[in-house]
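[1] Please work out how this folds:
(2 chains)
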Amino acid sequence: MFFRFTLLSLISSAAFSQAPVYSLPAQTPVVIQLDDEISSNRNHQGDRFRLHVAEDVRVGDVVLIPAGTAGEGEVIHVQKSGMGGRAGELIVTARFVEVAGVRVRLRSFEPGARTGKQHIGASYATSVLVGLPGLLVQGGQLIMPRTMLASVKTARAVRLPAAPTPDSSKERSNDEPTID
Amino acid sequence: MNRLLTSAALAVVFCAPVCGFAQENPLSAPRGNSKSNTGVVVFFRERKYLGGGIAYKVREGDVEIGKLSNGSYFTVRTRAGKHEYNVHAEARDVITIEVEPGETHFVSFGVGVGVVTGRPNLSPSDRKTFIKLQGDLKDVTGKGINRGAQ
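    Below you'll find the predicted structure:
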């Protein structure tokens, strides 16, 4: 009896561990969406922000990273808009998304580097006309809005199981016990 | 004599990739090739009347990496990772860039209004802006810098 039970558990664990795993190559394009607003006048270098995958990432017909998978990014460079018409600046990057307990590292955030509206011309013209007050002309701050879409790439190859499809999760939920 | 020439040619071939100031076409750098652990940063300065007479040195820490006169650009190949570049005159400006393997990053240089002289500013830019201006810019990679400067 004990032998039969051990054999059964071994077979079932082997079957579970052999769930197909797919290789997602490095440089695979991923479309992400910001979940936090990033502002050149509020954020600081090193700040982390939330993001999620906007479109399923597939290898063939298999979804490996489903839309909605959460991840994180980092502010690399920030400069507040300032006097003299100086515009706000931001450089940000995506760090990772986490799927099935695996952190998929990301890189190449596009458009990761941006500059706000410069008012240097206005500042210069004011300086010529009225002198030092020209320095008080403020540049535009830069905001990357929540829900902004960006494209990134996977930083290295990673092996992932297929993500559960909506159909399979429906089947599973039917099997789950319900409490009346 | 032939052996000497061959040795010299080999030295040039093997030393060029490790020299950070080697001239290269910034737009021919392979995009997204992560095999090498280096990337390229292109610094460029649009030709403008304001502050046009002064050339500014761009440094990483205390080390000069290039000098931008009005209407010029230079390229630096450097190791992947975070790099902090600065310029200073009346004011100091710093830009932090995370260089990614096989990628080319673009930094534009501008001069703002200052009390005595212009205030230099390094700001993030992109390939499209650089391509638009490149015809009017002079490549000054490796020129006018004091490599021993600390």
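
[2] buried set for the helix or strand hosting A:Glu98?
    Taking DSSP states H and E as the definition, A:Glu98 sits inside strand A:89-99. For strand A:89-99, a neighbour-count test (16 or more other CB atoms under 10 Å in any protein chain shown) marks A:89-97, A:99 as buried. Quick note: C-beta positions are derived from backbone N, CA and C, even for glycine.

[3] So is the next helix or strand after it next to chain B?
    Of the helices and strands lying after strand A:89-99 in sequence (DSSP H and E), the nearest is strand A:102-110. Yes - Strand A:102-110 reaches chain B (CB under 8 Å from any CB of the partner chain) through A:107-108.

[4] angle of strand A:102-110 against strand A:89-99?
    150 degrees (axes from the mean of the first three to the mean of the last three CA atoms, to 10 degrees).

[5] can you list contacts of strand A:102-110?
    The contact list for strand A:102-110 (CB atoms under 8 Å, 6 or more residues apart in numbering or on different chains) reads A:24, A:30, A:32, A:65, A:71, A:73, A:92-98, A:150-156, A:158, A:160, B:32, B:100, B:103.

[6] ok, now stretch A:47-54?
    Stretch A:47-54 is contacted by residues A:30-36, A:38, A:43, A:65-75, A:78, A:92, A:94-95, A:97, A:149 when judged by CB under 8 Å, 6+ apart.

[7] which of these count as buried?
    By 16+ other CB under 10 Å, those give A:30, A:32-34, A:36, A:38, A:43, A:65-66, A:69, A:71-75, A:78, A:92, A:94-95, A:97 as buried.

[8] Can you tell me how far B:Arg77 is from B:Ile65?
    From B:Arg77 across to B:Ile65, the span is 11 Å (CB to CB, to the nearest Å).

[9] where do the helices sit along chain A?
    A:2-17, A:120-130, A:166-175 (DSSP state H).

[10] Let me know the average pLDDT across the second one.
    Predicted confidence along helix A:120-130 averages 52 (mean pLDDT).

[11] do the same with the first one
    This predicted structure assigns helix A:2-17 an average pLDDT of 49.

[12] Please apply the same query to stretch B:136-145.
    The pLDDT scores in stretch B:136-145 average 87.

[13] And for stretch A:24-44?
    Per-residue scores along stretch A:24-44 average to 94.

[14] Convert that stretch to PDB, retaining C-alpha atoms only.
    Taking Å, rounded to 0.1, in the frame of the first residue of the first chain, the C-alpha atoms of stretch A:24-44 are listed here in PDB:
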ATOM      1  CA  LEU A  24      11.600  33.700 -24.200                       C
ATOM      2  CA  PRO A  25      14.600  35.200 -26.100                       C
ATOM      3  CA  ALA A  26      16.600  38.300 -25.100                       C
ATOM      4  CA  GLN A  27      15.500  41.500 -26.900                       C
ATOM      5  CA  THR A  28      11.900  40.300 -27.200                       C
ATOM      6  CA  PRO A  29       9.700  43.500 -27.500                       C
ATOM      7  CA  VAL A  30       7.300  44.200 -24.700                       C
ATOM      8  CA  VAL A  31       4.700  46.900 -24.600                       C
ATOM      9  CA  ILE A  32       4.200  48.300 -21.100                       C
ATOM     10  CA  GLN A  33       2.000  51.000 -19.500                       C
ATOM     11  CA  LEU A  34       2.900  53.200 -16.500                       C
ATOM     12  CA  ASP A  35       0.800  52.800 -13.400                       C
ATOM     13  CA  ASP A  36       2.300  55.900 -11.700                       C
ATOM     14  CA  GLU A  37       2.700  59.500 -13.000                       C
ATOM     15  CA  ILE A  38       6.300  60.600 -13.300                       C
ATOM     16  CA  SER A  39       7.100  64.300 -13.100                       C
ATOM     17  CA  SER A  40      10.300  66.200 -13.500                       C
ATOM     18  CA  ASN A  41       9.300  68.500 -10.700                       C
ATOM     19  CA  ARG A  42       8.100  65.900  -8.100                       C
ATOM     20  CA  ASN A  43      10.200  62.800  -8.700                       C
ATOM     21  CA  HIS A  44      13.800  62.200  -7.700                       C
END
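
[15] Which positions in chain B make contact with chain A?
    So far as CB under 8 Å from any CB goes, chain B lies against chain A at B:32, B:34, B:50, B:82, B:93, B:95-98, B:100, B:103, B:105-106, B:108, B:110-115, B:119, B:121, B:123-126.

[16] change it to 6 Å
    Neighbours of chain A within chain B, by CB under 6 Å from any CB of the partner chain: B:32, B:50, B:95-96, B:98, B:100, B:112-113, B:119, B:123-124.
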